[in-house]
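**Q** What follows is a predicted protein model with its sequence.
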Amino acid sequence: MSDQLLQLLFSGLTLGSIYSLIALALVTTFNITGVLNLALGEFAAIGALLAISLYATGMPLIAAFILSIVLVAIMGGVLERAAIYPARRASGLTLIIITIGLSISLRGLALLIWGTDTYSLPAFSKGGPFFIGGAALNPQSIWILGLAVLTLSLLYAFFELTYAGRAVKAAVINRTAARLVGINPSTVSFWAFVGSGALGAAAGIFIAPVTMTTYDMGFMLGIKGFVAAVIGGLSNVGGAVLGGLLLGVLESYSAGLISSGLKDALAIIILLAVLLLRPQGILGVLGERKI
Amino acid sequence: MLRIEGLDVYHGYVQAVRGLSLHVKEGELLAILGANGAGKSTLLGTLAGLHKPAKGNILVKRKGDTPPNKEKGNTPVGGMSQVECPQLWKDITNTSPEKMVRQGISLVPERREIFSSLSVLDNLMLGAYHRYRRDKATILCDVREVMEIFPALKGREKEMAGTLSGGLQQMLAIGRALMAHPKLLLLDEPSVGLAPLVVREIMSILSQLKKTGVTIMLVEQNTRAALKVADRALVMERGSITISGSSAELMSDSKVQQAYLGRARVQPAWGQA
Ligand SMILES: Nc1ncnc2c1ncn2[C@@H]1O[C@H](COP(=O)(O)OP(=O)(O)O)[C@@H](O)[C@H]1O
Ligand SMILES: [Mg+2]
């Protein structure tokens, strides 16, 4: 029995680290731009599908990986200029609806290019799972957790140790004052979307070996990432990572111990519970625009 | 060094600046006085690029004193009407705030607007944002220079800007604007809410700054303190300039005395019991 619990914990953490990555990208972009980008799941899906297609052309995995990240980063920047920038004076809610529109369009585009087939990528490192206390741990999980840790460290280093990071913070703290010293908030917003494109794509590629990669995988990923971010308080990067892990573990236990039908419903139940118990926590933050 | 011609600025349907024209000379300290709602902040905000004027022009003198096309060396035959060379002036109307600071115009806004959750040092360094790439190596020397101007900030580099007292925050806000190396420094009511001693300190720093060649436009409700340091002053009422002259002239102007210095020569009849 305890073996099974440990096994469920491991698969929960794997699942959770995926959600953490999406939540991390969501919260970082949200903190910088005030835009809750619900198309982030699609960034991950397209990143994964692109990498798979590029890898299929015979390209080395690492090259496919980098090229796909670059392409999705560019896509993030282009979408920001095309859809977010023209509506920069609109309310936070309008912008969320725009990102929902983007997510539907991107899913449609992915359907046109990749069809309804299921794709997969080989695991990054060869060899079977590790066995810890009688439970199997997939090495890809370690890659995914590693990416989450790396991203957190890079974000920390950027914001705390670099001048550009300080300028981004300044733009978030006081937009008018930032403009007065010469910081262009719309450039900051552009780069935030480029960054979230890159991070979303990286997340999608890292999870491709352990998930069914399909044109519509972004939908559920986006929802789970959003719920993870909500659990973490929506504007807290560390909270987003923990929220992701927590959601993954809860899903894993409820699917393993109660019913597998409960897995996807759980995220929605948690979201509803948070909305009912602490609506101001989410809606309060959502109302305000930053950049 | 700055020319404003027929400026109209609106906030929605409210006209805050009406047909305002003004010439600011290089190196002067110009005080702008006037009651609440006269349009002083709107004027400064427009110069800093925060508001778009509906009409009128803002022009700055080009860098260097020679006009770009100097080939016409001899004086025109047309006489005095041709004396002014328009090429000397650059039209910067409708420039965004992030570009105005690159034109040498820095605003210290009404509510200071410091980056409250960043350190004092970060606030100062960010003041130099527009020239950071060029002057990376000397930014910290510039910070030290600003600290010499505002010694009260010394030793507080690591403190969070939002935890400073009002006076120190005002000094930080001015210091941050100075870090941009402005040619024209705009100050919006720097004395508001500060103790008289701190006001005096800030005013004396402004007159010192003037000596370094910075042109200063100072909006103040504290008329007395402003007139003491200013070379020239003007009074705004409902969006336009109603009185202007040297500080001494305004100091002795009866209307200014009545309205802004709280000194009435003639008591109004209904004032008596
Ligand atoms: N953001 C704004 N929206 C609407 N009206 C404004 C705004 N800012 C200023 N005003 C109006 O414009 C006029 C001038 O205001 P302001 O420039 O702040 O004057 P001052 O700085 O001299 O007190 C006032 O009537 C004020 O009510
Ligand atoms: Mg004002």
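**A** Now that the structure is in, tell me what you want to look at. Ligands and ions are numbered 1, 2, ... in the order given.
**Q** How about chain A: which residue is closest to chain B?
**A** A:Gly182 (3.3 Å; Cβ to the nearest Cβ). All C-beta atoms are positioned from the backbone trio N, CA, C, and that covers glycine.
**Q** Which per-residue confidence value corresponds to that residue?
**A** The per-residue pLDDT reported for A:Gly182 equals 95.
**Q** Confirm that it sits in a helix.
**A** No: looking at A:Gly182 with DSSP: H, G, I helix; E, B strand; the rest coil, it is coil, so not inside a helix.
**Q** so who does the residue nearest to it when sequence neighbours are not counted touch?
**A** Counting by Cβ to Cβ, 6 or more residues apart in numbering or on different chains, A:Gly182 lies nearest to B:His130, which is 3.3 Å off, once chain neighbours are set aside. Counting by Cβ atoms under 8 Å, 6 or more residues apart in numbering or on different chains, B:His130 makes contact with A:Val181, A:Gly182, B:Glu98, B:Val101, B:Arg102, B:Ala180.
**Q** Any chance of CSV for the residues you listed, columns neighbour count and distance to ligand 1?
**A** Converted to CSV, the contacts of B:His130 look like this (neighbours: other Cβ atoms under 10 Å in any protein chain shown; distance: Cβ to the nearest ligand atom, whole Å):
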residue, neighbour count, distance to ligand 1
A:Val181, 29, 21
A:Gly182, 23, 22
B:Glu98, 20, 20
B:Val101, 27, 20
B:Arg102, 13, 24
B:Ala180, 24, 22
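**Q** Closest one of those residues to B:Tyr13?
**A** B:Glu98 (27.5 Å; Cβ to Cβ).
**Q** quick one: the particular helix or strand that has the closest one in it near chain A?
**A** Following DSSP states H and E, one finds B:Glu98 within helix B:97-100. Yes: interface with chain A: helix B:97-100 contributes B:Pro97, B:Glu98, B:Lys99 (Cβ under 8 Å from any Cβ of the partner chain).
**Q** The first one touches B:Leu50, doesn't it?
**A** Yes: counting by Cβ atoms under 8 Å, B:Pro97 does reach B:Leu50; the two are 5.6 Å apart.
**Q** Mutual contacts of these two, please.
**A** Common neighbours of B:Pro97 and B:Leu50 (criterion: Cβ under 8 Å, 6+ apart): A:Thr176, A:Arg179, A:Leu180, B:Leu107.
**Q** which SS class is B:Gly56?
**A** Secondary structure state of B:Gly56, per three-state DSSP, is strand.
**Q** repeat for B:Gln221
**A** B:Gln221 - assigned by three-state DSSP - is coil.
**Q** Excluding chain neighbours, what is closest to it?
**A** B:Glu189 (6.0 Å).
**Q** residue contacts, that neighbour?
**A** So B:Glu189 contacts B:Ser41, B:Glu110, B:Val219, B:Glu220, B:Gln221, B:Asn222 (Cβ under 8 Å, 6+ apart).
**Q** rerun at 6 Å
**A** Applying Cβ atoms under 6 Å, 6 or more residues apart in numbering or on different chains to B:Glu189 gives the contacts B:Glu110, B:Val219, B:Gln221.
**Q** Can you say which of these are buried?
**A** B:Glu110, B:Val219 (16 or more other Cβ atoms under 10 Å in any protein chain shown).
**Q** Looking at the contacts of B:Glu189, spot the one nearest chain A.
**A** Distance to chain A across the contacts of B:Glu189 (Cβ to the nearest Cβ) is lowest for B:Glu110, with 10.5 Å.
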